[in-house]
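Colleague: A predicted structure for the sequence below; I have some questions about it.
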Amino acid sequence: MIKIAPSVLSADFAVLGAETAEVKAAGAEYLHVDVMDGIFVPNISIGFPVIKCLRRATDMFLDVHLMVDRPLRYVERFCEAGADLVNVHVEADTEDAIKEAIATVKAKGKKAAVTVKPRTPAEAVLPFIKSVDLILVMTVEPGFGGQSFMAEQLPKINLIRGMIEKYNPGCELEVDGGIDANTAPMVVKAGADVLVAGSAIFDKPDRAAAIRAIREGAEKA
């Protein structure tokens with residue numbers, strides 16, 4: 001089943017609880033939370049206090065995407081703040097440090113994930129693939145919402161889907177960047193089963209209709 005993960009990066013933070021409740025009522029399965037440190041990516045977003053508030057405000061699955069340098073320093077605190085899944089970039093540290101970050105998340109009883117940027121080859125996930133619950137492929141350069149979908153990432157999605165089927169069939173494949181009703185069928189056809197969408201949902205006056213359009217688009221794959 002395709003899962004929809006609205007990205008709160010595009011939400012109105014003044015009424016974030018209400019925004020979350022709206023997308024939950026509209027049938028979204030995950031809530032995608034982008035954490036940026038201004039070092040790993042050229043933007044700064046949110047941190048532990050917002051995760052804690054979201055956890056109190058909703059029982060939605062919190063899919064926390066750490067776009068931060070050396071994430072091992074922080075993953076335990078994000079687990080304690082209320083994340084259900086903590087996702088780290090393979091590019092953010094050494095292979096050993098990323099493996100330790102994954103193990104730390106697992107030890108806290110949470111799900112772990114890794115992400116690859118557009119320029120990172122599919123093979124970069126192989127050292128981690130057997131120990132993660134989700135792999136995220138970025139179809140925009142991470143850092144800012146509202147970017148255009150990079151169709152050249154579709155072969156990478158397909159390659160990683162093949163790796164998942166070979167090494168860890170229970171692992172989910174998530175795609176983030178430029179996802180809307182038009183691009184959803186392309187990424188699902190390539191192998192994605194979790195779709196992150198920010199502006200395509202939160203910039204619309206009717207969030208339920210926006211989520212429905214993405215889901216219907218995905219079903220056309």
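Modeller: Structure's in. What do you need? Numbering: from 1, shown residues only.
Colleague: now the strands for this structure?
Modeller: Secondary structure of the chain by DSSP state E: the strands cover 3-6, 30-36, 61-67, 85-89, 111-116, 134-138, 172-176, 194-197.
Colleague: Now mean neighbour count too, for those strands, in a markdown table please.
Modeller: Any C-beta I mention is one placed from the backbone N, CA and C, and that applies to glycine too. Shown next, in a markdown table, are the strands of the chain (neighbours: other Cβ atoms under 10 Å):
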| stretch | mean neighbour count |
| --- | --- |
| strand 3-6 | 25 |
| strand 30-36 | 24 |
| strand 61-67 | 24 |
| strand 85-89 | 28 |
| strand 111-116 | 23 |
| strand 134-138 | 26 |
| strand 172-176 | 26 |
| strand 194-197 | 26 |
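Colleague: Dump the ones you listed to a markdown table, plus mean pLDDT and distance to Ile211.
Modeller: Below are those laid out as a markdown table (pLDDT from 0 to 100; distance: least, Cβ to Cβ, whole Å):
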| stretch | mean pLDDT | distance to Ile211 |
| --- | --- | --- |
| strand 3-6 | 98 | 5 |
| strand 30-36 | 97 | 12 |
| strand 61-67 | 98 | 15 |
| strand 85-89 | 98 | 20 |
| strand 111-116 | 98 | 22 |
| strand 134-138 | 98 | 19 |
| strand 172-176 | 98 | 16 |
| strand 194-197 | 97 | 8 |
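Colleague: relative to its centroid, which residue of the chain is most remote?
Modeller: Pro205 (23.1 Å; Cα atoms, centre = their mean).
Colleague: Run a quick neighbour tally on Asp37.
Modeller: Asp37 sits with 18 neighbouring residues when counted by other Cβ atoms under 10 Å.
Colleague: Could you check how far Pro157 is from Asp206?
Modeller: Slight slip there: residue 157 is Ile, not Pro. Distance of Ile157 to Asp206, given as Cβ to Cβ, to the nearest Å: 29 Å.
Colleague: Compare these two (neighbour count), which wins?
Modeller: The neighbour comparison of Ile157 against Asp206 (other Cβ under 10 Å) goes to Ile157, with 23 against 12.
Colleague: Per-residue pLDDT of the more buried one, please?
Modeller: Looking at Ile157, its pLDDT stands at 98.
Colleague: List the residues that contact it.
Modeller: Ile157 is in contact with Val137, Leu173, Val175, Val187, Ala190, Gly191, Ala192, counting by Cβ atoms under 8 Å, 6 or more residues apart in numbering.
Colleague: repeat that with 6 Å
Modeller: Val137, Ala190, Gly191, Ala192 (Cβ atoms under 6 Å, 6 or more residues apart in numbering).
Colleague: my guess is Glu95 meets Pro127, correct?
Modeller: Yes. Between Glu95 and Pro127 a contact is recorded at 5.4 Å, counting by Cβ atoms under 6 Å.
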